[in-house]
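Visitor: For reference, the sequence and a predicted model appear below.
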Amino acid sequence: MSAPQVRTKREFGRPLNFKRGVIELSHGSGGRAMTQLIDELFAKSLANPWLEQGNDQACLELPAGRVAMTTDSYVISPLFFPGGDIGSLAVHGTINDIAMSGARPLHLSAGFIIEAGFPLSDLKQIVESMAHAARAAEVAVVTGDTKVVERGKADGVFINTTGIGVIPEGLHLSGDLAQPGDCILINGTIGDHGVAVMSERTELDFEVSVVSDSAALHDLVRVMVATAPQIRCLRDPTRGGVATTLNELARQSNVGMVIQEAAIPIRPEVSAVCELLGLDPLYVANEGKLIAVCPPQHAQSLVDAMKDHPLGRKSAVIGEVAADPHHFVRMQTAFGGSRVVDWLSSEQLPRIC
Amino acid sequence: MKYIDEFRDGVTACGVAKQMTLEAKPDRKYNLMEFCGGHTHAIYRYGVRDLLPDNVNMIHGPGCPVCVLPIGRLDMALCLADRDGVTLCTYGDMLRVPGSEGRSLLKAKAEGADIRMVYSAADALKLAHQLPDRQVVFFAIGFETTTPPTAVAIQSAQAQGLENFTVFCNHVLTPSAIANILESPDVRELGTVPIDGFLGPAHVSVVIGSQPYEFFAREYHKPVIISGFEPLDVMQSILMLIRQLNSGRAEVENQYIRAVSRHGNIKAKRIVADVFELRRQFEWRGLGVVPYSALRIKDRFLKFNAEARFNLNYTPAKEHNGCQCGAILRGVLQPIDCKLFATTCTPETPMGSCMVSSEGACAAHYIYGRYQDEAETA
C-alpha cells in the first residue's frame, strides 16, 4: 500500500465516487486506478508514518523481548453485523491472537481481496471501521495489499491481517501448561458474536437485541498478567466456541477439564436464539472473549481484576482442570447430571425436532 | 428463559430423583424405551441418566427422522441435486449424512450443486417464488410433526399455481414404527428383549394426539407415557412409568398435558389427510421394510410430487455388514456393543443410522456419554 504524499487528487482526474462507485478490475491491476484507491481510501484512513513512507514494506523498530506473530483471514458473511463489521473484526481478531501470548500487539498488515462490482461506499465503511479499531487499540496498520478478482470469484471482500507484538520479559504463556487443579476463567457472556451474525442472515426472520462482542482484548490481558503473572494459558474461543477451545487446551496440556454449566455467563437472548435454532451456545463463536487457566490460589484475585476492566465485568471461574488421560472436557449440568463437551463434528447444524 | 428454565430446574429434578429411588423396586429392572431423538438428546445433554436409579435402563428408540431415512432415499435426493436447474432445499441435519458412495449433500454442495438449508417447508416455497427459473425441490423428511407444514406448502403451491415447486416426500409415521418394534421376533419372544414401557413422542403427539397409542397399551400390554422433551418432563414421565409398572397397569398417560390432547390437532390432521395417503410399504433405516409406515403425495397433487416429475426410482442401498443399528433401535444391543462404535463409526464418519444425527442413539452416546465407558473400562 504505497502512498507518496506529494500526489494530489488532480493527478487522477476525478476523485473516487464513494457514493455510487464500485470496485473495478483496474483497482487491483497496479496502475493509476489502484494508486488512487490506495491514496484516497487506505492511506488516508489508516494514516501512519509507515504508510506515508510509501514503500512496499514497513521497516520496524521493536522493543526488546520475544516477538509474537500471527495471521488470520476473515471471510465473514454478512460483512456488516450488529456490533461490528469485517473491518473491525479483522483488527480485533488478530490483535487477540497476539495478546493471548501475553504480548503487547504493535503492528498489523492488511491484505484485501475484493470482488469486482463491490460498492466503494461499503469498502470505505469497512476501511474506516478498521482504522478506527486500530487507532482505539493503539496498533498501526503499517503495510498492506489490494487485489481485485472477477465478479463471482469472491464474496464481496476478504481480508487477511497479520500482526506482531512483543512479549514482556519473564512472561511465558502456552496452551500446553494447564495442570490438574488449575482454575478455568472466562471474561464474560458466551455466544454473543455468533448469535449477532446469525440474526443478520436473511433466511432468519427474527430480530434480536444481541450485538457482537468483537473487541480487542490486549488491554484486559495487560491487567491480567500484571495481577497474576502465574497465568498458564490464555486462548480466545472464536470459531467453535468455548467447547472447542477447552478441548484444544485439554489435548495440548494432556489433561481433562470439568466445567460447571451454572457458572457459565450467558445472555438470556443468546440462550433463547440457540434454543430456537437447536444450537449449543458452547459451540457458538465469540470475538471478545478469552479463556484463562491459572493456579487456583490466584483465581480469585484474577477474577476481581478482570471484573474491574470494562471487558471483564461478567468474568467468572467456570471450572477446573482435572487429570484425565482421555482429555475429556466434562460438564456438570445445572440439571444435576454430567456429560461430555466434545469436539464439534464439522459445523453445528440445526436439529429438525 | 421463562417457560423453559422451569423444566430444567436442578432442585426439582433432585426431588423427582429421590421419589424414583423410593418407589423403584430394588428387586426388578425397569427397561424403558424413549421413542424420540428429542428425548435421547435431553437425556444426554442434561445428564438425566446420572439422576436415575441404577435399575432403570433407558433404551433409545428409532424416533430420529434423520437416522431412519434409508440411504437409498438420500441417494435419490443427491441425484435430484445433481440435475441441471434444480435447487434442493433441506433441513440442516440432513446435510452431513453420507449416501451410498459416501457422498453427502454437503459434499454435493461443495461440488457445485445448488443445495439450500431451510428451516421450514414455507422457506422452500418462498425460494420457489424468488427463483422462477429454477426447479425448487423440498426434501421433506420427518414424523407427523413436520408433515402438516409440508402439506400446507403443497396446498399453497397449488393455490398459487406454482410451476417450479415440488416435494420429495419421505414423511414417516410413528405408530407403525412402535408396532414394528413390538412385533419384531426378538421383542415378541418373552425375555429376550425387555422393553417394559415407552416414553411416547412429544411433538408428534401434539399433532396426532394420545389416542393412537391406546392400541399398543392394550394389545401389547405396555404402558406409554406421552412425554415432553425437557429434562424434567423426561424425569417425571419415567417416574410415571415406574408407578404404572409397579401397579401392573398398562395405560396411555399424558405427561405433556401443556401441549397434547387426546385427539391432537384436528385441523392439522385434516390438512395432512387432504394431501397425503399411506404408502403400502416404506424402508426404514435400521428397521427394514415396514408396511403402511409412510406417506405419499396424493395423485390430485401429482405435479408437486418430485418423484413423479423427475422420474425418480428407489434402489435400496446396502448397509455396512458390521452395523448393529437395527438391533440398537430395537433395544437388543447398546451402542457400545457394536464393534464399529467409536472405532470406524464416529460422528465424522458415520457408518450406520444411529450415528448420523446428534439425536441418534450412537451419536448421542459418542458425543455426550463416552467418558462413562472409559471410566467403566479403566
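Guide: That came through fine.
Visitor: Relative to the whole chain's centre, how far out is stretch B:143-159?
Guide: 19 Å (CA atoms, centre = their mean, to the nearest Å).
Visitor: Assign a three-state SS to the nearest residue to A:Ala47 once chain neighbours are set aside, would you?
Guide: Nearest residue to A:Ala47 in three dimensions, chain neighbours excluded: A:Ala131, at 7.8 Å (CB to CB, 6 or more residues apart in numbering or on different chains). All C-beta spots, glycine's among them, are computed from the backbone N, C-alpha and C. The three-state label given to A:Ala131 by DSSP: H, G, I helix; E, B strand; the rest coil is helix.
Visitor: And A:Ala131, how far from A:Glu24?
Guide: Distance, A:Ala131 to A:Glu24, by CB to CB, to the nearest Å: 23 Å.
Visitor: Mind checking which of the two has more residues around it?
Guide: Between A:Ala131 and A:Glu24, counted using other CB atoms under 10 Å in any protein chain shown, the more crowded position is A:Ala131 (22 against 15).
Visitor: For that one, give me the pLDDT.
Guide: According to the prediction, A:Ala131 has pLDDT 98.
Visitor: Tell me which stretches of chain A form helices.
Guide: Under the criterion DSSP state H, helices of chain A are mapped to A:32-37, A:44-46, A:49-52, A:86-99, A:120-136, A:192-200, A:218-227, A:241-253, A:268-277, A:296-307.
Visitor: Looking at those helices, spot the one closest to B:Arg249.
Guide: Of all the helices of chain A, helix A:268-277 sits nearest to B:Arg249, with 34.9 Å by CB to CB.
Visitor: Could you break chain A into its assigned domains?
Guide: Listed by automatic domain parsing, the domain ranges of chain A are A:9-167, A:183-340.
Visitor: Just give the number of residues close to whatever residue of the stretch 51-200 of chain B ends up closest to chain A.
Guide: As assessed by CB to the nearest CB, chain A sits closest to B:Gly92 within the stretch 51-200 of chain B, at 3.8 Å. By other CB under 10 Å, the residues close to B:Gly92 number 19.
Visitor: Would you mind confirming that it is in contact with B:Ile115?
Guide: No - contact criterion CB atoms under 8 Å: B:Gly92 and B:Ile115 do not qualify, at 11.1 Å.
Visitor: okay, which residue is most central for the chain?
Guide: Assuming you mean chain A. A:Gly93 (2.1 Å; CA atoms, centre = their mean).
Visitor: if you could check chain B rather than the one you did, that'd help
Guide: Geometric centre of chain B, nearest residue: B:Cys64, 2.3 Å, by CA atoms, centre = their mean.
Visitor: Any figure for the gap between A:Val270 and B:Lys25?
Guide: Relative to B:Lys25, A:Val270 is positioned 44 Å away (CB to CB).
Visitor: list the contacts for the residue nearest to the centre of chain A?
Guide: By CB atoms under 8 Å, 6 or more residues apart in numbering or on different chains, A:Gly93 lies in contact with A:Asp72, A:Tyr74, A:Thr161, A:Thr238, A:Glu287.
Visitor: how about 10 Å then?
Guide: A:70, A:72-74, A:76, A:86, A:159, A:161, A:163, A:214, A:216, A:236, A:238-239, A:287-288 (CB atoms under 10 Å, 6 or more residues apart in numbering or on different chains).
Visitor: Closest one of these to B:Gly264?
Guide: For those, the minimum distance to B:Gly264 (CB to CB) is 42.1 Å, reached by A:Arg239.
Visitor: which residues touch the closest one?
Guide: Counting by CB under 10 Å, 6+ apart, A:Arg239 has contacts A:Gly93, A:His193, A:Gly194, A:Thr245, A:Tyr283, A:Val284, A:Ala285, A:Asn286, A:Glu287, A:Leu344, A:Glu347.
Visitor: Would you quantify the distance from the third one to A:Gly241?
Guide: From A:Gly194 across to A:Gly241, the span is 7 Å (CB to CB).
Visitor: joint contacts of the two?
Guide: With CB under 10 Å, 6+ apart as the test, A:Gly194 and A:Gly241 both reach A:Leu279, A:Pro281, A:Tyr283, A:Val284, A:Ala285, A:Asn286, A:Gln348.
Visitor: Could you report the pLDDT at the residue of chain A found nearest chain B?
Guide: Going by CB to the nearest CB, chain B is nearest to A:Gly337 of chain A, at 1.8 Å. Note for A:Gly337: predicted pLDDT of 93.
Visitor: ok, it - contacts?
Guide: For A:Gly337, the contact set (CB under 10 Å, 6+ apart) comprises A:261, A:331, B:10, B:13, B:17, B:43-52, B:231, B:368.
Visitor: Give me the subset of those residues that lies in helices.
Guide: Going by DSSP H, the helices hold B:Gly10, B:Ala13, B:Ala17, B:Ile43, B:Tyr44, B:Arg45, B:Pro231 from those.
Visitor: just to revisit the earlier point, what about the residue nearest to A:Ala47, distance to B:Asp82?
Guide: Taking CB to CB as the measure, A:Ala131 falls 46 Å from B:Asp82.
Visitor: now swap in B:Val16 and tell me
Guide: Distance of B:Val16 to B:Asp82, computed by CB to CB: 51 Å.
Visitor: try B:Cys338
Guide: Counting by CB to CB - B:Cys338 and B:Asp82 are separated by 32 Å.
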